[in-house]
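**Q** Below: sequence and its predicted model.
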Amino acid sequence: MIKRFFSSTADIPETGDVPRHVAIIMDGNGRWAKNRLMPRVAGHAQGVERVRDMVEACGKRGIEFLTLFAFSSENWRRPQEEVNRLMELFVMALEREVDKMLGNDVRLKVVGDLGRFDQRLRDLIAHGEALTADCRRLTVTVCANYGGRWDILNAMNAWRRDHPDQAEIREEDLAPYLSLAYAPEPDLFIRTGGEQRISNFLLWQLAYSELYFTDTLWPDFDAQALDRAIASYRKRERRFGRTSEQLLER
Ligand code: IPE
Ligand code: IPE
Ligand code: MG
């Protein structure tokens, strides 16, 4: 089997000045709206605008993979009205943006437990993914009804179905079944909105990602804010378990 990407625990990945893969928890939409005495959903609408800017900014900076947490497996706990509005915004964004993505050589992927979404949304997702399947400049992954625990369990169950006679699972067995198997592990994780937690995002894949937390609310997170995150990333020493001295020897 050809190994397309290094695992941060099995190998030491190549690193550069620009992260290959940026993963973002886009948090703070509700508070952004509240600060303006607007309904929470107004913050989500503004948040969609920032997604568009971020896709463009990542493309310009040579980032190859952008992964966005749009709706967690726990976000169904929100008021029904807010959930409905988020679904509508997702539909609208897909209707509007997919052609532009194709034009900009941007591949769309949507990962998560999609079975819970209605058929119209699922059709739009399938259409968007198929249309942009050959685009390679930037891969944008939207995590929708996604949970890190779901991802790991889903992968384990799928592996088990394919290998009913194998007793033990190894890391390299599981990796191809995870929902981001087509991407290297995130180099840089960003969470906007001030909270310093993972909230069941990419539990497996963030093993050696550099973590960056900012108080900036997602609807205010622009290209300059992205550059500040990348500047912070550049200062980090990515040791992957080794010592600083070992890095200097290389
Ligand atoms: C993130 O913003 C968007 C989603 C979770 C869908 P929030 O809606 O969580 O905003 P805050 O955290 O309440 O400000
Ligand atoms: C995480 O944000 C999920 C998304 C951004 C989609 P939340 O706002 O749901 O996270 P918690 O509940 O504050 O941890
Ligand atoms: Mg939040």
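**A** Yep, that arrived. Residues are numbered from 1 along each chain as shown. Ligands and ions are numbered 1, 2, ... in the order given.

**Q** tally of neighbours for the closest residue to ligand 1 within the chain?
**A** Closest approach of the chain to ligand 1 (CB to the nearest ligand atom) occurs at Gly30, with a separation of 2.7 Å. For the C-beta atoms, the positions are set from N, CA and C on the backbone; glycine is no exception. By the measure other CB atoms under 10 Å, the count of residues near Gly30 is 20.

**Q** buried residues in stretch 37-51?
**A** Arg40, Val41, Ala42, Gly43, His44, Ala45, Gln46, Gly47, Val48, Arg50, Val51 (16 or more other CB atoms under 10 Å).

**Q** Let me know whether that stretch sits next to ligand 2.
**A** No. Remark: stretch 37-51 sits outside contact range of ligand 2, by CB under 6 Å from any ligand atom, the gap being at least 9.1 Å.

**Q** Could you report the pLDDT at Phe4?
**A** Quick fix: residue 4 is Arg, not Phe. Arg4 is assigned a pLDDT of 56 by the prediction.

**Q** quick one on the thing from earlier: grab the nearest non-local neighbour of the residue of the chain closest to ligand 1.
**A** Arg40 (4.2 Å; CB to CB, 6 or more residues apart in numbering).

**Q** Tell me the spacing between that neighbour and Val48.
**A** To Val48, Arg40 is 14 Å away according to CB to CB, to the nearest Å.

**Q** name the element the residue of the chain closest to ligand 1 belongs to?
**A** helix 29-35 (DSSP states H and E).

**Q** what's next to that helix, contact-wise?
**A** Around helix 29-35, the neighbours that count as contacts under CB atoms under 8 Å, 6 or more residues apart in numbering are 39-44, 46-47, 193, 217-220.

**Q** rerun that using 10 Å as the cut-off
**A** For helix 29-35, contacts defined as CB atoms under 10 Å, 6 or more residues apart in numbering pick out 28, 38-48, 50, 78, 82, 86, 192-194, 216-221.

**Q** Can you show me the strands along the chain?
**A** 21-25, 65-72, 106-111, 138-146, 188-191, 210-213 (DSSP state E).

**Q** okay if I get those strands as a markdown table plus mean neighbour count?
**A** Below are those laid out as a markdown table (neighbours: other CB atoms under 10 Å):
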| stretch | mean neighbour count |
| --- | --- |
| strand 21-25 | 25 |
| strand 65-72 | 23 |
| strand 106-111 | 22 |
| strand 138-146 | 23 |
| strand 188-191 | 25 |
| strand 210-213 | 18 |
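
**Q** Please flag which of the contacts of helix 29-35 sit within helices.
**A** Among the contacts of helix 29-35, the ones falling in helices (DSSP state H) are Arg40, Val41, Ala42, Gly43, His44, Ala45, Gln46, Gly47, Val48, Arg50, Glu82, Leu86.

**Q** which ones are touching the last one?
**A** Read that as Leu86. For Leu86, the contacting residues are Asn29, Arg40, Val41, His44, Gly47, Val48, Ala70, Phe71, Asn75, Arg78, Ala144, by CB under 10 Å, 6+ apart.

**Q** Was I right to think Val142 contacts Leu89?
**A** No. If you go by CB atoms under 10 Å, Val142 and Leu89 don't touch, sitting 11.8 Å apart.

**Q** Pull up the overlap in contacts between those two.
**A** Taking CB under 10 Å, 6+ apart as the criterion, Val142 and Leu89 both touch Ala70.

**Q** Spatially central residue (nearest the centroid) of this structure, please.
**A** Centroid-nearest residue in the chain: Thr67, 2.3 Å away (criterion: CA atoms, centre = their mean).

**Q** dump the residue contacts of it.
**A** Counting by CB under 10 Å, 6+ apart, Thr67 touches 21-25, 109, 111, 139-143, 146, 179-180, 183, 186, 189, 201-202, 205.
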